[in-house]
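> Output the structure for:
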Amino acid sequence: MDKVHQKGLPAKEERHRLFGSVPPGPRTKPVEKEKMADLQNTRNNFLFDLDTVGIVNVKHPVTVTSRMNPYTQTTVGTFTMSSSIPKDSKGTNMSRFTEQMQQYHEKGLTLELDTLKTFTKELAERLKQNDAEVKVSFPWFYERKGPQSGLAGMNHANAGMKVAYDQEKGYFCEVSLEATITTLCPCSKEISEYSAHNQRGKVTMTAVLSDDFDEREIDWKEQLLIAAETNASAKIHPVLKRPDEKTVTEQAYENPRFVEDMVRLVAADLYEMPFVEKFEVSCQNEESIHLHDAYASISFDKTKDTVN
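The predicted structure follows:
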């Protein structure tokens, strides 16, 4: 076969010049770190204290453990790391956030509350600040079997952890989970001769954990997932054979739920969890007969309020 005739191109360096590259200019500023200007550490009256300074959308491989299969998994965590700074400080040392992340990555970063507590305290010390905060969100995968066939597949929920450290106040720990469920409309069931519309719903739960919460005894991800799924019309399944589908369809019909029903029922479960001090619950349904979504939410502080 004849070789394809190719037109000769200018050398790469010449191509770069063609598209605007220029030779390096004279260098007059110092190259030694000790002689460089350090603007971030400038001290002056900069008018305001800053509540939060840091980096967001930091993606890193992490290990997650669970009481549900798979018991150990690798996933991707999306981190936000920050601290406050006083008004006499111009800025923070941004590189120290990622230095800290790399240090933990090299040791093997497992997303556990105790690990994140140590992480935030060390971060505050590295930044020479009185506080620090770390937030991480990640997809958490869990096995789900068909109710009749027992055939398994992988589901996932969006999980989150927030740990704040303050030199005077100590630690604050908050966890969250967004779980997907099936809801069947009670009104549609009530007024129709047969059938009822149903849809996928997203239940988002945020819980402030008590100081004595022990992650070795309780998997908070599992508990929040149970709270969402056991109060839904039906669970979401990755694999359904016909006997499974019949079971799920009938279960949904027997357990109709409005978004209002969902947040109240899930709130009741969280209210009964002794390790949860405060919580927020929301449910958003992707309505199958509307272009809009249905939504409801509730927040409750068990340290201040009781259910009458």
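> Tell me which residues are up against the longest helix seen in the chain.
Across the chain, the longest stretch assigned as helix under DSSP state H is helix 113-127. Contacts to helix 113-127, defined as Cβ atoms under 8 Å, 6 or more residues apart in numbering, come from residues 81, 83, 92-93, 96-97, 99-100, 104, 109, 130-134, 136, 161, 163-165, 167, 171, 173, 209, 213, 215. To be clear about C-beta, it is placed using only N, CA and C from the backbone, and glycine gets the same treatment.
> buried set for that helix?
Of the residues in helix 113-127, 113, 115-117, 119-121, 123-124, 126-127 count as buried by neighbour count, 16 or more other Cβ atoms under 10 Å.
> Mind checking what helix or strand follows that helix in sequence?
Using DSSP states H and E, the helix or strand that directly follows helix 113-127 along the chain is strand 131-145.
> leaving aside the residues next to it on the chain, what's closest to residue 302?
Of all residues not flanking residue 302 in the chain, residue 277 sits nearest, at 5.6 Å (Cβ to Cβ, 6 or more residues apart in numbering).
> my guess is that neighbour contacts residue 300, does it?
No: under the criterion of Cβ atoms under 8 Å, residue 277 is not in contact with residue 300, lying 9.9 Å apart.
> so how many other residues sit close to residue 185?
Here the number of neighbours of residue 185 (other Cβ atoms under 10 Å) works out to 23.
> For my notes, confirm residue 270 occurs in a helix.
Yes: under DSSP: H, G, I helix; E, B strand; the rest coil, residue 270 sits within a helix.
> thought it was touching residue 281?
Yes: here residue 270 reaches residue 281: they are 6.8 Å apart, a contact under Cβ under 8 Å.
> Contacts only, for the residue nearest to residue 302.
Contacts for residue 277 were tallied using Cβ under 8 Å, 6+ apart; they are 207-210, 301-303.
> Kindly recompute the last result at 10 Å.
Contacts for residue 277 (Cβ atoms under 10 Å, 6 or more residues apart in numbering) come out as 173-174, 207-211, 213, 300-304.
> Narrow these to those in strands?
Using DSSP state E, 173-174, 207-209, 300-301 are the members of the contacts of residue 277 that sit in strands.
> Make JSON lines out of those residues and add neighbour count.
Below are the ones in strands among the contacts of residue 277 laid out as JSON lines (neighbours: other Cβ atoms under 10 Å):
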{"residue": "173", "neighbour count": "21"}
{"residue": "174", "neighbour count": "18"}
{"residue": "207", "neighbour count": "24"}
{"residue": "208", "neighbour count": "19"}
{"residue": "209", "neighbour count": "23"}
{"residue": "300", "neighbour count": "17"}
{"residue": "301", "neighbour count": "11"}
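> Would you check which pair of those residues lies furthest apart?
173 and 300 (17.6 Å; Cβ to Cβ).
> Include distance to residue 56 and pLDDT when you put the ones in strands among the contacts of residue 277 into JSON lines, please.
Putting the ones in strands among the contacts of residue 277 into JSON lines (distance: Cβ to Cβ, whole Å; pLDDT from 0 to 100) gives the following:
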{"residue": "173", "distance to residue 56": "20", "pLDDT": "96"}
{"residue": "174", "distance to residue 56": "17", "pLDDT": "97"}
{"residue": "207", "distance to residue 56": "23", "pLDDT": "98"}
{"residue": "208", "distance to residue 56": "22", "pLDDT": "97"}
{"residue": "209", "distance to residue 56": "23", "pLDDT": "96"}
{"residue": "300", "distance to residue 56": "29", "pLDDT": "96"}
{"residue": "301", "distance to residue 56": "28", "pLDDT": "96"}
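> what's near enough to touch the closest residue to residue 46 other than its chain neighbours?
The shortest distance from residue 46 to any non-neighbouring residue, by Cβ to Cβ, 6+ apart, is to residue 87 (5.2 Å). Contact analysis of residue 87 by Cβ under 10 Å, 6+ apart lists 44-50.
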